[in-house]
Every structure is written in structure tokens, then in C-alpha cells.
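Novice: just need the structure, nothing else, for what follows:
(2 chains)
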Amino acid sequence: MSEDRTPIISIRNVKKTYKTRNTELEALGDVSFDVFPGEFVSIVGPSGCGKTTLLKILAGLLPRTSGEIVVDPANFNIEREVGFVFQKPLLLHWRKVLDNVLLPIEILKIDRRSMVDKARSLLALVGLEGFEDRYPNELSGGMQQRVSIARALIHDPKLLLMDEPFGALDAITRERLNMELLQIWEKTKKTILFVTHGINEAVFLSDRVVVLTARPSRMAASLDIKLPRPRAQTVRTHPDFGRYALEIYKDLELS
Amino acid sequence: MKYLKTPLVIFVLLVIWQTAVILFKIPEYILPTPVSALEHLFLPQPDADYNWVMHIKATLLEIVLAFAVTSVAGISIAILLAWSDAIRRASMPLFVFINSLPIIAVAPLLLLWSGYGLKTNIIIAFLISFFPVVINTGTGLASIEEELLDLVKYLHGTKLQVFMKLRIPNSLPFIFTGLKICSTMCVVGAIVGEFIASDRGLGYIIINSQYTMDSPPIYAGLMLVSLFGVALFGLVSLAERLCIPWARPAGQEL
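Specialist: Residues are numbered from 1 along each chain as shown, chains lettered A, B, ... in the order given. You can find the predicted model right below:
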């Protein structure tokens, strides 16, 4: 880990317990890690280990039961400088693609006209040039998720939270979007926190993989992925690729 | 051909009607021929020569104003109810109560309060037709996918933005359904008002002709009233198609 830099966000002993009438469900046991500027960090864990819960806590969509989330307000405004890509594309079906991308701009009350060109170039970045005036239901699932990535980037967030964004897509589309995501990340230099349960996907994409155990989740490992960048599909044949994957597999099974 | 089917069906029905009356020698006060009804509209009549243009204008004005008032008020009420749980819980029974009243039976009271004429007829039409607008709009406002709300929430948007960006656009198809029902009920409301007390309008002609047992104007009035209903419904459907092109399921238009 690069100890010389200050983290953009520090997650310290964050816990989340869901309380219903007579039961308590500990969704997130005790999770602590730092994310550094420009880093691509994946969170891997079994279903129900609270990965999504953690992202939603970071985005302010859920309150945490205890623990701290530390940011430097001078560097990072966590209320405005976060982009969120959800599991589902969650496009507004009454808005054309371009207007969907501009939604965060309207919510943040930024002048819309000044951002139209940016929205167009982001759509070009995600490979949707020429689809600006289509409605979401005219697009395939993969294209819809591309729109939602462009939407998450329109307000130039410093931290991009991605909650299994490609989980619902077919394997081939997922591979393609993984490649494209890496290119976008390299071009935009965003910090990305990426939740997945695809071990290979996490190794392929990340600088670091945080492994969570089953519920109540604790951190099983934080693994630096020192594979060469920029990465292409050939990196999967790198001798270390399999070693990293195996290590994560062990962390998940044996912890 | 698509647009010719309906006029063709109507024309065939009119021909059957005309033939049946002549064939079975039905007396005119029971059932006049459609031709005779239309003659009363366009040709000067010896007995009761109504100023149709004036009466049509009066009824049309009532219908259009009633529809405008009901649309705006109905949608506003629904937004208010969706905005605040407290207001909804407190006032929803009241709206159900009003809607359960037989408005025709309440109309005499309204006449006592505000006299007869345009204003009273609009109030009657409103009372008859506002409920579907409120219920449909309310359903639309509530039927937003919960996860979509996160889009506004994670950027710390306001409740007003949730309504403006999500709930209201999401409810537009529901609003138009409410407005379509409202459009035909406003016609009914306006005529009911004219029935109970007025000195003008198609409802006045119908009730007045009944007193004089002069049935052709009744039929002429009914034809016009239903024509207005169809026309207003058509206009709302047209507006729907223009306003919400994204919500057009293929081959499923009303």
C-alpha cells in the first residue's frame, strides 16, 4: 500500500446491523480500509456479506450503526463528488439517453447548458455516440449500463462507487465492459471502489482487492494486485494472475 | 382505412335507425329519424326554434372550463396528498365521501348556494369528475421504483427534486388515464348542471324539449353532447401521444 499518500476515504470499524422487530441481522461486522486517490479497489465477498451495504453507507444512502468514515473535506466533498453505478442501470425511461446522463447535473443545480457537450463526450467515451436521442428501452442491457456509467461520471466525481455493475449482463458483454471500464479509468483517473463477486473480474481490474468474509463480515484480506498496466486480456495468462485468484479463493473459503 | 372504420360504423347505424323508424312507422315523439333530428339543428323550425349556436357555445364553455379546472385541481390535490402522509391520512376519507355522494342529489344545494349558471355547472362537473384524476395521479406518484429514489438521494437532492425529476414524470401515463376518464365525465357534469337549472345549453334544450314532447331536439342534443365527449377524449389522447412518446406500447392505444 502506498503509505506516503493520504487516503481519499478511510473506512474505520464500520458496522451495520439491521434491526427488525425481534431479530438483529449483522450485515457488516467490522470493516476498515483506506482508499487512495486514483486507486482501483475491488471488494469481493460471498452473497449477503454486506458489500452493497458498505457502498450505500459510503454514498449516504444508509446510516451506519457504528464506526467512522473519514474524508478530508478540503479535498473531497463526499456529498457532491461521488458517482454511483448501481446493479441495475436505473435509467429514467421517460428521458432520452442524453437527458439521463445530465440528471446529476440537474440535482446538483449545475448549469445544464454548459454540461451538454461533456455529456456527449462521455457518451462517446462509453461507446454510445449517436445514441443521445434514444429512449432507454430502445437499448440493450449492456448499453443501458454504459449510459449509467456516463451518468455517474458527468459531475466529475472523485470517487466512483460501482455495485456489481456488470453482474446482470451476459459473460461476453461483461468482459467487453470490463475492458472499457479500465480504459475509462485510465483516461479519467478516477478513484474506483468496485463491488463484485467475480474473483477473476476483481483481479483483472484492480490495484487492490479487499476480501470480506461471510456474514457478519470481517476483512479476510487486502491484497495488492501487482500486475502490469495498462492491462489487456493477455494479463489473464500472466503467471501471477492465477496465484492472486487462488489466494482470494483461499481467503474466501478458509477464513 | 384505419380512420374510416368508426365513421363507417356510425353511418351504418344511422341508416339502420332511419330505415327502422320508417319501416315500423314509429311515431316521432317516441323515436324520430336521425334526419329529422339533424333537420332541427340546421333548418328553421316552426314550433321550437332553438338558437343552437348560443346553446352549443354555452355547453362547450362549461365543458372546457370544467375540464381545465378539474385537471389542474385534481392533479394538484394528488400531488399534495403524495407530498404529505399526514395530509393524505387526514383528507382521503373526505374525498372518498364526496365521491360517494350522488352529486345529482347535491346539485339543488349548490344552486341554493351559488345560483344557476356557468359557475355552478362547473362546480357540479368538478365534483363528478375529479376523483379519477386524483386517484390515478396518486397511483402514478406512488408507483415509482424505490431504487430510482437513490439516484436523487445519493447526490443529496431535495424532496422537491424527487417530485419534479422522478415522481411527476413517472406519473404522466397515469395522469393521462385520469384525464381521459375525466374528459367524458365533465361532459356528463355540465349536462347535469344544465338539467337541474339553467336557461341555456344543450342540457336545457333536452329538458325543455321533454316538457313539450318535442323529441327531435333531444336526439340532436344527445348527438352533439356525445360528439363533444368523443372530441375532448380524442384531444386528451392526442396530447398524451405528444407529451409522453416514451410510454406508447405498440398497438395498445385507447
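Novice: quick check, the residue in the stretch 101-250 of chain A closest to chain B?
Specialist: Going by CB to the nearest CB, chain B is nearest to A:Ile107 of the stretch 101-250 of chain A, at 4.2 Å. No exception for glycine: its C-beta is placed from N, CA and C like everyone else's.
Novice: around that residue, how many other residues sit close by?
Specialist: A:Ile107 has 21 neighbours, counted by other CB atoms under 10 Å in any protein chain shown.
Novice: apart from its neighbours in sequence, what residue is nearest it?
Specialist: Leaving aside its sequence neighbours, A:Ile107 sits nearest to B:Gly157 (CB to CB, 6 or more residues apart in numbering or on different chains; 4.2 Å).
Novice: how about stretch A:247-255 as PDB, C-alpha atoms only?
Specialist: The C-alpha coordinates for stretch A:247-255 follow below in PDB (Å, rounded to 0.1, in the frame of the first residue of the first chain):
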ATOM      1  CA  GLU A 247      -5.200 -16.600  -2.900                       C
ATOM      2  CA  ILE A 248      -8.600 -14.800  -2.900                       C
ATOM      3  CA  TYR A 249     -10.300 -18.100  -3.300                       C
ATOM      4  CA  LYS A 250      -8.500 -19.400  -0.200                       C
ATOM      5  CA  ASP A 251      -9.300 -16.300   1.800                       C
ATOM      6  CA  LEU A 252     -13.000 -16.800   1.000                       C
ATOM      7  CA  GLU A 253     -13.000 -20.500   1.800                       C
ATOM      8  CA  LEU A 254     -10.700 -20.800   4.700                       C
ATOM      9  CA  SER A 255     -11.200 -17.700   6.700                       C
END
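Novice: what's the distance between the residue of the stretch 101-250 of chain A closest to chain B and A:Asn178?
Specialist: A:Ile107 is 29 Å from A:Asn178, where distance means CB to CB, to the nearest Å.
Novice: ditto for A:Ala124
Specialist: Noted for A:Ala124: a distance of 19 Å to A:Asn178, by CB to CB.
Novice: and these two? Which one has more around it.
Specialist: Neighbours were tallied for A:Ala124 and for A:Asn178 using other CB under 10 Å; the higher tally belongs to A:Asn178 (20 against 14).
Novice: now what about stretch B:104-111, what contacts it?
Specialist: Here stretch B:104-111 makes contact (CB atoms under 8 Å, 6 or more residues apart in numbering or on different chains) with B:120, B:123-124, B:127, B:192-193, B:196-197.
Novice: would you format the residues you listed as JSON lines with pLDDT and neighbour count included?
Specialist: Conversion of the contacts of stretch B:104-111 to JSON lines gives the following (pLDDT from 0 to 100; neighbours: other CB atoms under 10 Å in any protein chain shown):
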{"residue": "B:Thr120", "pLDDT": "91", "neighbour count": "22"}
{"residue": "B:Ile123", "pLDDT": "93", "neighbour count": "20"}
{"residue": "B:Ile124", "pLDDT": "92", "neighbour count": "27"}
{"residue": "B:Leu127", "pLDDT": "93", "neighbour count": "20"}
{"residue": "B:Val192", "pLDDT": "90", "neighbour count": "18"}
{"residue": "B:Gly193", "pLDDT": "89", "neighbour count": "32"}
{"residue": "B:Ile196", "pLDDT": "86", "neighbour count": "18"}
{"residue": "B:Ala197", "pLDDT": "79", "neighbour count": "18"}
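Novice: where's residue 151, which helix or strand?
Specialist: Let's take chain A. Secondary structure assignment for A:Arg151, by DSSP states H and E: helix A:141-153.
Novice: that's the wrong chain, I wanted chain B
Specialist: Following DSSP H and E, one finds B:Leu151 within helix B:146-153.
Novice: next, count neighbours for B:Ala105.
Specialist: Here the number of neighbours of B:Ala105 (other CB under 10 Å) works out to 8.
Novice: average model confidence for the strand or helix carrying it?
Specialist: If you go by DSSP H and E, B:Ala105 is part of helix B:103-114. Regarding helix B:103-114, the rounded mean pLDDT is 88.
Novice: name the residues of it that come out as buried.
Specialist: B:103, B:107, B:110-111 (16 or more other CB atoms under 10 Å in any protein chain shown).
Novice: report the inter-axis angle for the helix or strand following it versus helix B:103-114.
Specialist: Next along the chain after helix B:103-114, taking DSSP H and E as the criterion, comes helix B:118-142. Using axes from the mean of the first three to the mean of the last three CA atoms, to 10 degrees, the direction of helix B:118-142 lies 120 degrees away from that of helix B:103-114.
Novice: from the chain's centroid, how far away is helix B:118-142?
Specialist: In this view, helix B:118-142 has its centroid 10 Å away from the chain centroid, taken as CA atoms, centre = their mean, to the nearest Å.
Novice: and that helix, is it in reach of chain A?
Specialist: No: using CB under 8 Å from any CB of the partner chain, helix B:118-142 never reaches chain A; the gap is at least 11.6 Å.
Novice: elements contacting that helix?
Specialist: Applying 3 or more CB pairs under 8 Å, 6 or more residues apart in numbering or on different chains; DSSP states H and E, we find helix B:118-142 packed against helix B:52-83, helix B:85-100, helix B:103-114, helix B:168-196.
Novice: name the helix or strand for the residue nearest the centre of chain A, please.
Specialist: For chain A, the residue nearest the mean C-alpha position is A:Met162 (2.1 Å; CA atoms, centre = their mean). Under the criterion of DSSP H and E, A:Met162 resides in strand A:159-163.
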